[in-house]
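# Build me a model:
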Amino acid sequence: MFCPKCGTADQTPETFCRQCGGFLPDFTKPVKKSQTPQDHVRANLFLNALTIAVSFTLAILLFTILAFKPDTHPLIHLTVGLLIAMGF
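So this is what the prediction gives:
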């Protein structure tokens, strides 16, 4: 193994060079693939769709369970409205 900084040969696969102290990369470990912008867009679209689905589901559940009871607090109606607005 050669040091990429000073070129010293016969390095043991340690973390740093014995001659100059430079970082020695470990070539036995696979390098993690960086994510492309399309991967980020795809992940954001999935999370947006999940947020919309959860918001509408919670709004429908709150509205059907609590909206027509006579002692329902007005905050429940406001919460349902905010959950629906989050979906848009």
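# What is the burial count for Thr51?
Neighbours of Thr51 under the rule other C-beta atoms under 10 Å: 12. Where C-beta positions appear, they are placed from N, C-alpha and C, glycine not excepted.
# buried ones in the lengthiest helix in the chain?
In the chain, taking DSSP state H as the definition, the longest helix is helix 37-66. Using 16 or more other C-beta atoms under 10 Å as the test for burial, helix 37-66 gives 55, 58-59, 62-63.
# what's around Ala67, how many residues?
11.
# check contacts around it.
Applying C-beta atoms under 8 Å, 6 or more residues apart in numbering, we find Ala67 in contact with 76-77, 80.
# Of those - the most surrounded one?
Most surrounded of the contacts of Ala67: other C-beta under 10 Å gives Val80, at 19 neighbours.
# now that residue: how far from Pro70?
Val80 sits 17 Å away from Pro70, going by C-beta to C-beta, to the nearest Å.
# what's the spacing between the helix or strand of the chain at the bottom of the mean pLDDT ranking and its chain's center?
The helix or strand of the chain with the poorest confidence is helix 74-87; it has a mean of 83 (mean pLDDT, DSSP states H and E). Chain-centre distance of helix 74-87: 26 Å, with C-alpha atoms, centre = their mean, to the nearest Å.
# tell me the secondary structure for the residue located most distally from the centre of the chain?
Distance from the centre of the chain peaks at Pro70, with 42.1 Å (C-alpha atoms, centre = their mean). Following DSSP: H, G, I helix; E, B strand; the rest coil, we place Pro70 in the coil state.
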